[in-house]
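Student: Show me how the following folds:
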Amino acid sequence: MRTIQLHIRSSLPKNLEPLWDLARNVWWSWNSNAINLFRRIDPQEYEASGPCPLKLLNTLPSSTWENLKEDNGFLEHLNEVYNEFKNYLENGVTKVTDYNPANKIAYFSMEFGLHESILLYSGGLGVLSGDHLKTASDLCLPLVAVGLFYSEGYFRQNLNSDGWQNENYDPNDPFYLPMQLVTESTNKPLLIDVNIAGETVYSQIWKLNVGRIPLFLLDTNVRENSYESRNITSRLYSGGQELRIQQEIVLGVGGIKALQKLNISPAVYHLNEGHSAFLTLERISQFIKKGLNWQEALIATKGTQIFTVHTPVPAGNDAFPIQMLSKYLGNIFEKYGISDEEFYNLGRSPDNHSEFSMPVFALRTSGHRNGVSQLHKKVSKKIWKPLWPTLTENEIPINGITNGVHTRTWLCNELVELFDFYLGKGWDAKLNEPNIWKRVENIPNSELWNVHLNRKSRLISTIPKSELSAEYLTIGFARRFASYKRGHLIFRNIDRLKKILLNSEKPVQLIISGKAHPADNLGKEIIQKVVKSIQNEKLSSRIIFLENYDMHIAQKLVRGVDVWLNTPIRPLEASGTSGIKVALNGGLNFSILDGWWDEAFDPDLGWSIGNREEVLNENNRDDRDAVSLYDTLEYEIIPLYYSSKIPTEWIEKMKKSISVLTPKFSAHRMLADYISKSYLPAAKFHENWSIHSDGQIESLKKHINNVQFLKEKWKEVQITRTELKPSDTVIVGENVSLQLEIHSPFPENWLEVSLVLENSDNMYGISDRKDVNLVFVETDPTHNQFIYAIDLETKNPEIRTYTIRVCPNPIIFPEHLDLDLVAR
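Tutor: Sure, this is the predicted structure:
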């Protein structure tokens, strides 16, 4: 039987038609005035719609619109919001001034967390992607994004009577979502195709506007595909490796083809996690069509590519058996003029040749790489050092760009109003200015405390059949239930926990939420243990487990709890962002020193669990951390909270947390870091060595020849003499000069000669380092000898150890560390 669908949209009176523009752009989701406008139409139906304004507009009866078209108050509100929206699209919040808008950035991610009604995300990775787009929009950054449209999205969670997680999938109906199908001039869907296991797989393209940023979503659910291929983009993170590799081919290869078909030519490509790394294949293919060979195309691609690695946990890093890669990619490498083995080696780690690792492939084919916190940077350098065997851990070319959050998305409306009054309107255009945030101290304690109590009351009132009280100290714990996050740690000593929670004078209550990955039975078992502990110990009056954790529940929690608890095994949490969202709403963090909290922690801002000392024995580690958790809670946190009716010291701690952490961990700061550390260098590479002209192609080929010459002759680089003048033992304040003589077959400007001073850091054996470049003095061209010198300061009595380091000049060879060429 053949069926057809007819979509009939609502018809709005002409003076209400601006509602369509507002509903079709996710901008409304982080603008409280716009949210209030849609809620004003019909509060109950607004909540029932998702809330999703487009669904609201398409489900209300015509009588609603007949009444509103004569409602002057509503029309004035609509006009105010619509003018604000148009001004935002024109000007953003604040413009980035040091980035050329002609150099577009393409941002690829497997998931995007924009709003709870748009089921294209599972958790932190997607929410970070969504915050990245919203912030790029605020900053008027020339960014486009690429992802997949999942027709059934991510699962909704419900727990059975035994506490076991069940997964249900709801359809993602594009008719009710703020996205439009991209069509050709004939009004037919614009299709792109990729080859998967010898079959041509087609994808249509949806466009979803995130403020000023277009997000393009590929969807294989088209009639041109087989039944199996139509289901490739059906669900996020559901199914095994076979489905995952197909999704990643569509995202990577298909995503580049989509941009090409849309006539979008990015200068810079940003891979958020390794899922999209196959885009390198299609980018190289495009370069080869313009006359480059594989090696030339790989270097041209690499210089403009950024890779953000997210997790040190092996299960979070996709790796496929080589046979599977061969099945799904086929003989694609013939058109590149290379063997399949040459390609596979790009994704093989030195200790595992049977699998193709997507993060390894992304690391090797991206010229700019970063972890998502400063601790994660150090851990990543240690993990991935085998890819650069001759470099020290400190030299591994992985930066640290700590995650941030989109403030307007996560900040409660009441605090927006307080900030407008005490910080001055326009504060959200100055998120990176610490002086603005010092004004938080001017907010009267009673006003801040009343806002906080109101938010806590609102949180508790939305929990059905809850016995919780807004007067009690309330702790939030919500995240993905992976084993390393230790969701059951607080239950380790149940008798002590009950004593703390059930204290009649100083009661404590706990709100828990989170999902386990559908295939993670260990994570599901932890959820079950939590639920059973609540049931068996009769703690339902003090502990609630909220099902189906999503952005809506997350917003309520981070805006309403007093304390945010986080208990991962250090250093397995790469960053995390939930605690940041809590901090900007006035909640206080209580966490293991891991991820972002490792660099943020200060006793004036919150509390730590345990310390940075590594304990190898699992039981000893968990015992130590549990004792620290209970002690800190019982002897520090609870007494401070209950110190008085309006606890002055607690509120002062709230103020300091808001004022210090909000600017430091905003996504505006994060994007500023990406611009300076990654986007600008990648865009400069694009400008210098892209292939827009014959001259640039020749310049790139010459550069590649120079790189090859470096590799062939580098072993001849030798440090032939080192001399400290007047000697290697001096008194404080005495002038010391270091001279080096280096033998090199290369021109003097091809080398960078530096001294490295390392200070021991007991954390994972990685040291903090200071590099100082030496100055070229003279040359002896006959013998290929070069003299470099530097004056050393002698301010303090000490024994100082320098490492002499010679490597290719990064100005001439931007990929100098990737060449793995260092002489010492």
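
Student: Tell me where the stretch 101-250 of the chain has strands.
Tutor: For the stretch 101-250 of the chain, the strands defined by DSSP state E, counting those that start in this stretch cover 105-109, 143-148, 156-159, 165-168, 179-181, 191-196, 199-210, 213-219.

Student: Export those as a markdown table, with columns for distance to Leu593, mean neighbour count and mean pLDDT.
Tutor: The way it works is simple: take the backbone N, C-alpha and C, and place the C-beta from them, glycine included. Listed next are the strands of the stretch 101-250 of the chain as a markdown table, based on distance: least, C-beta to C-beta, whole Å; neighbours: other C-beta atoms under 10 Å; pLDDT from 0 to 100:
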| stretch | distance to Leu593 | mean neighbour count | mean pLDDT |
| --- | --- | --- | --- |
| strand 105-109 | 28 | 26 | 98 |
| strand 143-148 | 33 | 26 | 98 |
| strand 156-159 | 30 | 16 | 96 |
| strand 165-168 | 30 | 16 | 96 |
| strand 179-181 | 41 | 17 | 96 |
| strand 191-196 | 44 | 19 | 97 |
| strand 199-210 | 34 | 21 | 98 |
| strand 213-219 | 35 | 23 | 98 |
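
Student: wait, which of those is closest to Leu502?
Tutor: Closest of the strands of the stretch 101-250 of the chain to Leu502 is strand 156-159, at 23.9 Å (criterion: C-beta to C-beta).

Student: is it possible to export the strands of the stretch 101-250 of the chain to a markdown table including distance to Glu334?
Tutor: Converted to a markdown table, the strands of the stretch 101-250 of the chain look like this (distance: least, C-beta to C-beta, whole Å):
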| stretch | distance to Glu334 |
| --- | --- |
| strand 105-109 | 26 |
| strand 143-148 | 27 |
| strand 156-159 | 45 |
| strand 165-168 | 41 |
| strand 179-181 | 35 |
| strand 191-196 | 12 |
| strand 199-210 | 17 |
| strand 213-219 | 25 |
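
Student: nearest to Ile500, of these?
Tutor: Taking C-beta to C-beta, strand 156-159 is the member of these nearest to Ile500, at 24.9 Å.

Student: Dump the C-alpha coordinates for the closest one into CSV.
Tutor: Listed next in CSV are the C-alpha coordinates belonging to strand 156-159 (Å, rounded to 0.1, in the frame of the first residue of the first chain):
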residue,chain,number,x,y,z
ARG,A,156,13.6,8.5,26.8
GLN,A,157,14.3,6.7,30.0
ASN,A,158,12.0,5.0,32.4
LEU,A,159,12.8,2.7,35.3
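
Student: what's that strand in contact with?
Tutor: The contact list for strand 156-159, computed with C-beta atoms under 8 Å, 6 or more residues apart in numbering, reads 165-170, 515, 527, 531, 545, 547-549.

Student: hang on, isn't Trp206 packed against Thr220?
Tutor: No: Trp206 is not in contact with Thr220 according to C-beta atoms under 8 Å; the separation is 11.9 Å.

Student: For the spatially most central residue of the chain, give me its contacts.
Tutor: Nearest to the mean C-alpha position of the chain, by C-alpha atoms, centre = their mean, lies Leu128 at 4.2 Å. By C-beta under 8 Å, 6+ apart, the contact list for Leu128 reads Gly113, Asn272, Val372, Asn403, Thr577.

Student: Could you say whether the nearest residue to the fourth one once chain neighbours are set aside sits in a helix, a strand or coil?
Tutor: What it means is Asn403. Leaving aside its chain neighbours, Asn403 sits nearest to Ser575 (4.3 Å; criterion: C-beta to C-beta, 6 or more residues apart in numbering). Look at Ser575: counting by DSSP: H, G, I helix; E, B strand; the rest coil, its state is coil.

Student: Quick one, grab the pLDDT at Ser767.
Tutor: pLDDT recorded at Ser767 is 45.

Student: Over to Gln295?
Tutor: 87.

Student: swap in Asp791?
Tutor: pLDDT, Asp791: 88.

Student: so it sits right up against Val736, yeah?
Tutor: Yes: taking contacts as C-beta under 8 Å, Asp791 lies within contact range of Val736: 7.0 Å.

Student: Pull out the buried positions in stretch 303-323.
Tutor: 303-313, 316-320, 322 (16 or more other C-beta atoms under 10 Å).

Student: From those, which land in strands?
Tutor: With strands taken from DSSP state E, the overlap with the buried residues of stretch 303-323 comprises Gln305, Ile306, Phe307, Thr308, Ala319, Phe320.

Student: Which one of those residues is nearest to Leu459?
Tutor: Using C-beta to C-beta, these come closest to Leu459 at Thr308, 32.1 Å.

Student: which other residues reach stretch 19-38?
Tutor: Residues outside stretch 19-38 that contact it (C-beta under 8 Å, 6+ apart): 12, 46, 51, 53-54, 56-57, 77-78, 80-82, 84-85, 88, 114-115, 118, 134, 137, 178-180, 208-211, 406, 408-409, 413, 416.

Student: Just the buried residues of those residues.
Tutor: By neighbour count, with 16+ other C-beta under 10 Å, those hold 12, 46, 51, 53-54, 56-57, 77-78, 81-82, 85, 88, 114-115, 118, 134, 137, 178-179, 208-211, 406, 408-409, 416 as buried.

Student: Which of those fall in helices?
Tutor: 46, 53-54, 56-57, 77-78, 81-82, 85, 88, 134, 137, 408-409, 416 (DSSP state H).

Student: next SSE after the helix or strand bottoming out on mean pLDDT in the chain?
Tutor: Lowest on mean pLDDT, DSSP states H and E among the helices and strands of the chain sits strand 768-773, with a mean of 64. Downstream of strand 768-773, the next assigned helix or strand under DSSP states H and E is strand 775-780.

Student: What helices and strands are in contact with that next one?
Tutor: Here strand 775-780 touches strand 785-792, going by 3 or more C-beta pairs under 8 Å, 6 or more residues apart in numbering; DSSP states H and E.
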